[in-house]
Each structure stands twice: as structure tokens, then as C-alpha cells.
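>>> turn this into a model:
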Amino acid sequence: MWQHVPVKNPKPNAQEFIDILMGRMPQRRTPLVEYIVDDFVMRPIVVNLLGREWVTPRGDRESLKAYLDNFIEFWYRMGYDFVRIEIGLPFRENRLVAPDPASTKQRAWVDEHHGAISSWEDFERYPWPRVEDIDFFPLEYINENLPEGIGLISSHSGGIFEHLSWIMSLEGLSLALYDDPELVQAVSDRIGELITKFYEHLLQLENLIAVFPGDDMGFRSGTLVSPEALRKYCLPWHKKWAEMAHQRGLPYFLHSCGNVLAIMDDLTNDVGIDGKHSFEDAIITVEEFQQIYGDRIAVLGGVDLNILSAGTPEKVRQRTRQLIETCGAKGRFAIGSGNSIPTYVPVENYLAMIDEALDCMGI
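Numbering: from 1, shown residues only. The predicted structure follows:
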């Protein structure tokens with residue numbers, strides 16, 4: 001059933017991947033891109049297709065190394081030109097936990113009504129983390145153990161708006177934008193300063209080929225808070241991090257879910273993102289998005305999650321090839337999911353997308 005996955009003799013070319021997406025060379029192939037592949041999907045592929053023993057990290061270095069070895073091998077043998085992993089500061093955020101109906105795991109949701117900071121007293125008491133609290137070992141290990149030709153893509157886990165709305169809660173943030181904007185500014189600045197220190201460390205990794213953060217700022221019909229609020233409290237930080245990446249000669253890609261069309265000109269013209277990821281056909285199709293913005297930035301992914309999660313493998317293959325033949329033909333395009341590969345995407349559908357993309361590449 002799977003003619004092309006796993007790839008028997010991978011020949012990743014991280015430099016070509018970046019050159020294609022930056023428009024520095026003709027798009028002779030449409031490379032693969034992905035933001036996150038959940039372990040629940042990755043594990044059966046590693047065990048059943050790659051023939052490797054799955055190891056869950058147990059808090060010690062040896063089990064973590066074994067897990068990371070499988071992690072690297074997965075991205076390598078699926079045909080990607082990079083390994084993407086993210087870690088981040090341990091911000092304290094109120095969360096709700098419930099069983100994941102699609103797996104044996106637990107799912108966590110941020111409490112949208114009760115934030116950890118809702119007053120200046122909370123701000124002063126809040127246990128702000130330090131960059132020294134982060135264990136950079138997973139990034140450093142992957143950076144040092146990449147197969148030939150493959151690159152590292154990484155970012156801080158969670159973006160400036162996400163952590164702002166998680167720490168204050170979306171409801172609390174919305175109220176504070178009117179009742180106490182100085183508090184919002186203070187929380188935003190503290191988060192931004194800490195994440196900046198994270199990026200100072202990340203950008204020292206020699207095999208890093210792109211910074212690719214996620215910051216979900218929208219929902220189906222618009223941005224989660226006003227575009228003006230995003231321009232004031234969040235986009236300046238993305239601009240700073242994009243400038244830091246550009247100073248290293250690296251692109252700054254952005255994953256942002258929902259309808260963020262109201263700030264796309266800000267993201268392309270002011271922030272300076274080099275590529276956009278996360279698309280939902282009900283908001284705007286990838287083809288339509290590329291028509292508007294494809295001359296300015298790379299377009300990343302686009303196979304709608306509704307197709308990936310509820311469609312047949314054949315439907316997934318059809319949409320994958322359609323995007324390669326349309327968006328890929330125009331250039332600065334990489335094929336992958338419109339969002340990520342969560343637990344509820346059937347393994348056979350994920351593999352159908354990969355297999356079809358590799359077939360189009362002639363691999």
C-alpha cells in the first residue's frame with residue numbers, strides 16, 4: 001500500500017528546502033513540511049514501519065536519548081529535510097485536563113476564564129521562570145546527531161499571544177485590555193523579554209535552518225482580540241524575533257491558527273515573516289491565500305485537517321496532489337497538513353499524504 005514510505009535511502013537537502021521557500025531557486029520539487037506530529041501517530045510508524053523499539057522518556061538521559069533517536073529517525077525516514085522540535089519556558093498557566101477520546105492520553109486545555117494573573121498583586125506574586133530553568137539538552141542532542149543533509153527547525157513552545165492569553169486567561173485578558181492596559185503591557189513585556197533570552201540561546205545552534213514558532217491568534221471568523229491589541233502587545237515581539245533570526249541569516253516562519261487575515265499585511269510588511277503555516281479551507285483555501293500573499297512569503301502546508309482526520313486515504317491523496325500541482329507549480333510552497341498531526345488523524349491518512357507527496361517528488 002505504501003510504495004514510498006518509509007524512504008529507504010533518504011537524501012535530505014536542508015539548504016535546498018530553504019532556498020525553495022525563500023524563492024532563491026526554482027521549485028523543482030515540492031518539499032514536505034510539518035509543524036507537530038503527535039507521538040500517538042508517530043509511535044506505530046516507528047514500531048511497525050521503521051522496526052524500532054519505542055522508548056518513552058522516563059526522566060533519565062538514556063531513555064531521553066533513545067526517544068530522540070527515534071524522533072530523528074522518524075523525520076528522516078518520512079522524507080523531511082529537517083527535524084522540528086520545540087521546548088519552552090515553564091510558565092505557570094491554569095489548565096483543565098480530561099481524557100483524550102482519540103487516544104489513551106490526557107488532553108489539557110487552558111482555563112479561558114480564570115487566569116494566574118488578573119491584578120498587579122498577582123503580577124508581583126507570579127513565579128516568573130528563568131531561561132536557566134530550561135533543559136536545552138533535547139535541542140542540543142538533536143543538533144549534534146542529525147543525519148547528513150538534514151537541518152534543525154525549532155522555536156519556543158507557545159508564542160507571545162498564546163502565553164499572554166493563557167497566563168491571564170482569554171476572558172481576563174479581554175477585560176484587562178479595557179480596564180488595565182498597563183497590566184497587559186507589563187505581562188506582555190515580561191513574557192517577551194524571557195522568550196527573547198530563549199531565542200538568544202536557540203540561535204547559537206549551528207544546524208538550525210529556520211525559526212518556526214506557533215502563536216494562534218485567530219478563530220474561524222477573526223482574531224481572538226482586536227487587531228489593534230495584537231499590533232500593540234504581540235507583533236512587536238514577533239518583529240524582534242524575526243530580526244534576530246534574519247541577523248543569523250535564517251528565515252522566520254509563523255504558524256498561526258484561525259482567521260488572521262486582518263493582520264497579514266502587518267505580518268508580511270512589518271514583522272517580516274518569511275512563511276505562513278496553518279490553513280483551514282473554511283477560512284481561506286491555500287490556493288486563495290497563495291494568490292494574495294505568495295509573491296511575498298512562502299506558503300507552508302494546507303491539507304485541511306477535516307480531510308486528514310475524516311476523509312479516506314484516497315481523498316487525502318487527491319487533495320495532496322491537487323495542492324502540489326497548483327501551489328507547488330507556483331513556487332515557494334511546501335506540502336503538509338493545514339495545522340498539525342494530532343492524535344485524531346488516522347495513521348493511514350497521514351501516511352497517504354506523505355506517500356503521495358513523495359510520489360510527486362519521484363522518491
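>>> which residue ranges of the stretch 251-363 of the chain form helices?
For the stretch 251-363 of the chain, the helices defined by DSSP state H, counting those that start in this stretch cover 264-265, 286-293, 305-310, 313-330, 347-361.
>>> most packed of the ones you listed?
helix 347-361 (a mean of 22; mean count of other C-beta atoms under 10 Å). For the C-beta atoms, the positions are set from N, CA and C on the backbone; glycine is no exception.
>>> other SSEs contacting it?
Applying 3 or more C-beta pairs under 8 Å, 6 or more residues apart in numbering; DSSP states H and E, one finds that helix 347-361 contacts helix 39-44, helix 305-310, helix 313-330.
>>> pull the contacting residues for I167.
91-93, 115-117, 126, 187, 191 (C-beta atoms under 8 Å, 6 or more residues apart in numbering).
>>> and the one helix or strand it maps to, how far from the chain's centre?
For I167, the host element (DSSP states H and E) is helix 160-168. Distance of helix 160-168 from its chain centroid, counting by C-alpha atoms, centre = their mean, to the nearest Å, is 17 Å.
>>> strands of the stretch 1-150 of the chain, start to end?
82-87, 95-99, 106-110 (DSSP state E, counting those that start in this stretch).
>>> can you say which of those is nearest to V271?
strand 82-87 (19.2 Å; C-beta to C-beta).
>>> what are the C-alpha coordinates of the closest one, in PDB please?
What follows is strand 82-87, C-alpha atoms only, in PDB (Å, rounded to 0.1, in the frame of the first residue of the first chain):
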ATOM      1  CA  PHE A  82      14.500  18.800   8.700                       C
ATOM      2  CA  VAL A  83      13.600  17.700  12.200                       C
ATOM      3  CA  ARG A  84      11.300  20.100  14.000                       C
ATOM      4  CA  ILE A  85      11.200  20.200  17.800                       C
ATOM      5  CA  GLU A  86      10.200  22.900  20.300                       C
ATOM      6  CA  ILE A  87      10.700  23.400  24.000                       C
END
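>>> sheet partners, orientation included, of that strand?
Sheet partners assigned to strand 82-87 using DSSP bridges are listed as strand 151-156 (parallel).
>>> mind putting the helices of the stretch 251-363 of the chain into CSV with mean pLDDT and distance to R220?
Converted to CSV, these look like this (pLDDT from 0 to 100; distance: least, C-beta to C-beta, whole Å):
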stretch, mean pLDDT, distance to R220
helix 264-265, 98, 16
helix 286-293, 97, 15
helix 305-310, 97, 12
helix 313-330, 97, 20
helix 347-361, 97, 23
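>>> quick one: which of these is nearest D135?
helix 347-361 (29.0 Å).
>>> from the chain's centroid, how far away is that closest one?
20 Å.
>>> other residues contacting it?
So helix 347-361 is contacted by 2-5, 7, 29-32, 37, 41, 44-45, 78-79, 303, 308-309, 311-314, 316-317, 320-321, 324-325, 328, 335-337, 341 (C-beta under 8 Å, 6+ apart).
>>> run a quick neighbour tally on Y141.
17 (other C-beta atoms under 10 Å).
>>> ugh, wrong one, I meant R130
Neighbours of R130 (other C-beta under 10 Å): 10.
>>> now the one 5 residues further on
When neighbours are defined as other C-beta under 10 Å, D135 has 9 of them.
>>> for it, phi and psi?
With angles defined as degrees, to the nearest 10, D135 sits at phi -90, psi 100.
>>> for D38, see how far away it is.
Per C-beta to C-beta, to the nearest Å, D135 is found 21 Å from D38.
>>> packing partners of the following helix or strand past the helix holding I167?
Towards the C-terminus, the helix or strand next in line after helix 160-168, according to DSSP H and E, is helix 170-179. In terms of contacts (3+ C-beta pairs under 8 Å, 6+ apart), helix 170-179 is packed against helix 160-168, helix 181-202.
>>> nearest to E280, of these?
Comparing these by C-beta to C-beta, helix 160-168 comes nearest, at 17.6 Å.
>>> now tabulate the strands of the stretch 1-150 of the chain in a markdown table and tack on mean pLDDT, distance to L235 and mean neighbour count.
Below are the strands of the stretch 1-150 of the chain laid out as a markdown table (pLDDT from 0 to 100; distance: least, C-beta to C-beta, whole Å; neighbours: other C-beta atoms under 10 Å):
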| stretch | mean pLDDT | distance to L235 | mean neighbour count |
| --- | --- | --- | --- |
| strand 82-87 | 98 | 20 | 21 |
| strand 95-99 | 81 | 26 | 10 |
| strand 106-110 | 77 | 21 | 12 |
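>>> tell me the buried residues in stretch 41-61?
Neighbour counts over stretch 41-61 (16 or more other C-beta atoms under 10 Å) mark 41-42, 45-46, 49-50, 52, 55 as buried.
>>> all good on my end, thank you.
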